[in-house]
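**Student:** the following comprises the amino acid sequence and a computationally predicted model.
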Protein chains: 2
Amino acid sequence: MKLQLQIKMNEALFIRNPESSELGKKILKHSVQLIYKSGFETFTFKKLAEDIGTTEAGIYRYFENKHKLLIYLTAWYWGWLEFQISFHTNNIKKPTEKLKRIIKLLATAVEDDEKTSYLNESLLHQIIISEGSKAYLTKQVEEDNKKHFFKPYKDLCAAIGIIISECSPKYKYPKSLASTIIEMAHFQNFFMNNLPSLTDFGNKKEESEIIDFLNDLVFTSLKKI
Amino acid sequence: MKLQLQIKMNEALFIRNPESSELGKKILKHSVQLIYKSGFETFTFKKLAEDIGTTEAGIYRYFENKHKLLIYLTAWYWGWLEFQISFHTNNIKKPTEKLKRIIKLLATAVEDDEKTSYLNESLLHQIIISEGSKAYLTKQVEEDNKKHFFKPYKDLCAAIGIIISECSPKYKYPKSLASTIIEMAHFQNFFMNNLPSLTDFGNKKEESEIIDFLNDLVFTSLKKI
DNA sequence: TATTAAATGATAGCATTACTATCATATATA
DNA sequence: TATATATGATAGTAATGCTATCATTTAATA
């Protein structure tokens, strides 16, 4: 039996549900590949259509524009990651141990998950690193936020914040520390690979170093109390 | 006597030096206003030209494209900020005190500096918060980096890293901590104002809270050693 | 002051992007 | 077999992202 992990997506993110048809799934799959390969700025629906072997109009039946598609992909990723986290920290009692595993999951290149054949999580992880923040760094944040487009991200952040508070009930900035961990897990990775002098990981370029850094950052903050 | 602060800019960032002419200065001034007002995505050279009262072709004589202009503005800001920092931490002996002042400078909305009439630092600070990371989150990072476009940012980061090491010579991640401080000074600000549930500052929405958070984050990391 | 160079203005044009609309055809479902 | 539904094919339009040309103004310099 093959398990199918279905992530419930916000319906306002798409015009037609891409998970409901073959073309829709192709759109998701190929958009991840294309954005990964050439970046979000040069990515167009025309190129995507050519890549798939359909027409531009075909894509527009699913997504209003490429920004919505990016939000969709990031939202999907955060939803998927929260599932991964709850799966991998299940049965673990110690909140500090939970937090450590979360940091590891955030900072580790994921391997492609067979359960979702149309979305390559490994490439998606790279997209989150390079393009993820562009989903919300816009003038429409407020509007998009009202439509709950960032709920998966906020949920994940809230969940991590709660675990931080379990580790250290008196710590004053659980939510900010949570968003810092998430963002830095990705930014330090981007810096390590592209602007290495902004990090201390330029020589080995290993994710384990980012994990060590984040653990140090988090647990000294929490231990002192 | 009015002091003129001149920041030496990388010549590969522009076609014609915008600081060398009236139109050039107008381009800088109005681009900051326009990007601040409607965001980088919807910003075009056509709109900028109309705003200034010149033509599109006129703008293209100064900047190759809007991405170069964004890099120019961010580079200028980092250069300006490093000057502010060296100015405000001058004569201070204690590295911890230096670091505190730096954090404050990073996280505080600046007031417009009369010395540079064509660039509004206050708006520029807001642009850095919302658009700054888009300067390097592209597929051309490597290429742009080779041309030293990010030198001011890297210099600032390096300078902060050195002070961190002075505070705590054995601390293992001075550069990553420095880039974390810089990025988080801005991201926590953006979150506070746009996605407040990602922070612990949603009620008061005051910069002082971000400063407190960063101080806590940094000095617990450094103290324990 | 005349001469020349540099900067700007005005206009045109072209390929790509970002869509929207329409009609035909294939495919599933009732 | 009728009928939705999804896709394909094609067209078209406004805006974007440029490049090129020539005229005119302004500034430098001889």
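**Tutor:** On my side now, so go ahead.

**Student:** ok now stretch A:202-217, how far from the chain's centre?
**Tutor:** 19 Å (Cα atoms, centre = their mean, to the nearest Å).

**Student:** quick check: buried residues in that stretch?
**Tutor:** A:207, A:209, A:210, A:211, A:212, A:213, A:214, A:215, A:216, A:217 (16 or more other Cβ atoms under 10 Å in any protein chain shown). All C-beta spots, glycine's among them, are computed from the backbone N, C-alpha and C.

**Student:** need the residues you listed in JSON lines with distance to residue B:120, pLDDT and secondary structure, can you?
**Tutor:** Output for those, formatted as JSON lines (distance: Cβ to Cβ, whole Å; pLDDT from 0 to 100; DSSP: H, G, I helix; E, B strand; the rest coil):
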{"residue": "A:207", "distance to residue B:120": "40", "pLDDT": "97", "secondary structure": "helix"}
{"residue": "A:209", "distance to residue B:120": "39", "pLDDT": "98", "secondary structure": "helix"}
{"residue": "A:210", "distance to residue B:120": "36", "pLDDT": "98", "secondary structure": "helix"}
{"residue": "A:211", "distance to residue B:120": "41", "pLDDT": "98", "secondary structure": "helix"}
{"residue": "A:212", "distance to residue B:120": "41", "pLDDT": "98", "secondary structure": "helix"}
{"residue": "A:213", "distance to residue B:120": "36", "pLDDT": "98", "secondary structure": "helix"}
{"residue": "A:214", "distance to residue B:120": "36", "pLDDT": "98", "secondary structure": "helix"}
{"residue": "A:215", "distance to residue B:120": "41", "pLDDT": "98", "secondary structure": "helix"}
{"residue": "A:216", "distance to residue B:120": "39", "pLDDT": "97", "secondary structure": "helix"}
{"residue": "A:217", "distance to residue B:120": "34", "pLDDT": "98", "secondary structure": "helix"}
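
**Student:** closest to chain B among those residues?
**Tutor:** In terms of Cβ to the nearest Cβ, no member of these lies closer to chain B than residue A:213, at 4.8 Å.

**Student:** list the contacts for the closest residue to that closest one other than its chain neighbours?
**Tutor:** Nearest in space to residue A:213, with sequence neighbours left out and distances taken as Cβ to Cβ, 6 or more residues apart in numbering or on different chains, is residue B:173 at 4.8 Å. Counting by Cβ atoms under 8 Å, 6 or more residues apart in numbering or on different chains, residue B:173 touches A:200, A:213, A:216, A:217.

**Student:** name the single longest helix found in chain A.
**Tutor:** helix A:66-88 (DSSP state H).

**Student:** now find how far off-centre that one is within its chain.
**Tutor:** 5 Å.

**Student:** that one vs DNA strand D: in contact?
**Tutor:** No. With Cβ under 7 Å from any atom of the strand as the criterion, DNA strand D is not reached by helix A:66-88; the gap is at least 12.8 Å.

**Student:** what residues sit buried inside that helix?
**Tutor:** Of the residues in helix A:66-88, those buried (16+ other Cβ under 10 Å) are A:66-82, A:84-85.

**Student:** kindly report the same for stretch A:139-152.
**Tutor:** A:140, A:141, A:144, A:145, A:149, A:150, A:151, A:152.

**Student:** ok, those residues vs DNA strand D, which is closest?
**Tutor:** Minimum distance to DNA strand D across the buried residues of stretch A:139-152 is 15.0 Å, recorded for residue A:140 (Cβ to the nearest atom of the strand).

**Student:** next up, phi/psi of that closest one, please.
**Tutor:** Torsion angles at residue A:140 (phi, psi; degrees, to the nearest 10) stand at phi -90, psi 10.

**Student:** tell me the contacts of it?
**Tutor:** Here residue A:140 is in contact with no residue (Cβ under 8 Å, 6+ apart).

**Student:** for it, give me the pLDDT.
**Tutor:** Looking at residue A:140, its pLDDT stands at 97.

**Student:** for the one 4 residues further on, same thing?
**Tutor:** The predicted structure scores residue A:144 at 98 on the pLDDT scale.

**Student:** from residue B:201, how far out is it?
**Tutor:** 21 Å (Cβ to Cβ, to the nearest Å).

**Student:** touching, residue A:164 and residue A:170? I think so.
**Tutor:** No. Taking contacts as Cβ atoms under 8 Å, residue A:164 lies outside contact range of residue A:170: 11.2 Å.

**Student:** what residue ranges in chain A score low on pLDDT?
**Tutor:** A:1-4, A:113-116, A:224-225 (pLDDT under 70).

**Student:** let me have the buried residues of stretch A:202-217 in JSON lines, adding distance to residue A:159 as columns.
**Tutor:** Formatted as JSON lines, these follow (distance: Cβ to Cβ, whole Å):
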{"residue": "A:207", "distance to residue A:159": "22"}
{"residue": "A:209", "distance to residue A:159": "25"}
{"residue": "A:210", "distance to residue A:159": "21"}
{"residue": "A:211", "distance to residue A:159": "19"}
{"residue": "A:212", "distance to residue A:159": "23"}
{"residue": "A:213", "distance to residue A:159": "22"}
{"residue": "A:214", "distance to residue A:159": "17"}
{"residue": "A:215", "distance to residue A:159": "18"}
{"residue": "A:216", "distance to residue A:159": "22"}
{"residue": "A:217", "distance to residue A:159": "19"}
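
**Student:** check those residues one by one and keep those near DNA strand D.
**Tutor:** Of the buried residues of stretch A:202-217, not one also sits near DNA strand D (Cβ under 7 Å from any atom of the strand).

**Student:** can you check the distance spanned by stretch A:164-172, start to finish?
**Tutor:** Terminal residues of stretch A:164-172 lie 10 Å apart, using Cα to Cα, to the nearest Å.

**Student:** roughly how far is that stretch from the heart of the chain?
**Tutor:** 25 Å.

**Student:** quick revisit: just the buried residues of stretch A:139-152: which are in helices?
**Tutor:** A:141, A:144, A:145, A:151, A:152.

**Student:** please identify which of the residues you listed is nearest to chain B.
**Tutor:** Nearest to chain B among those, with distances taken as Cβ to the nearest Cβ, is residue A:141, at 4.5 Å.

**Student:** quick one, what contacts the closest one?
**Tutor:** Contact analysis of residue A:141 by Cβ under 8 Å, 6+ apart lists B:194, B:195.
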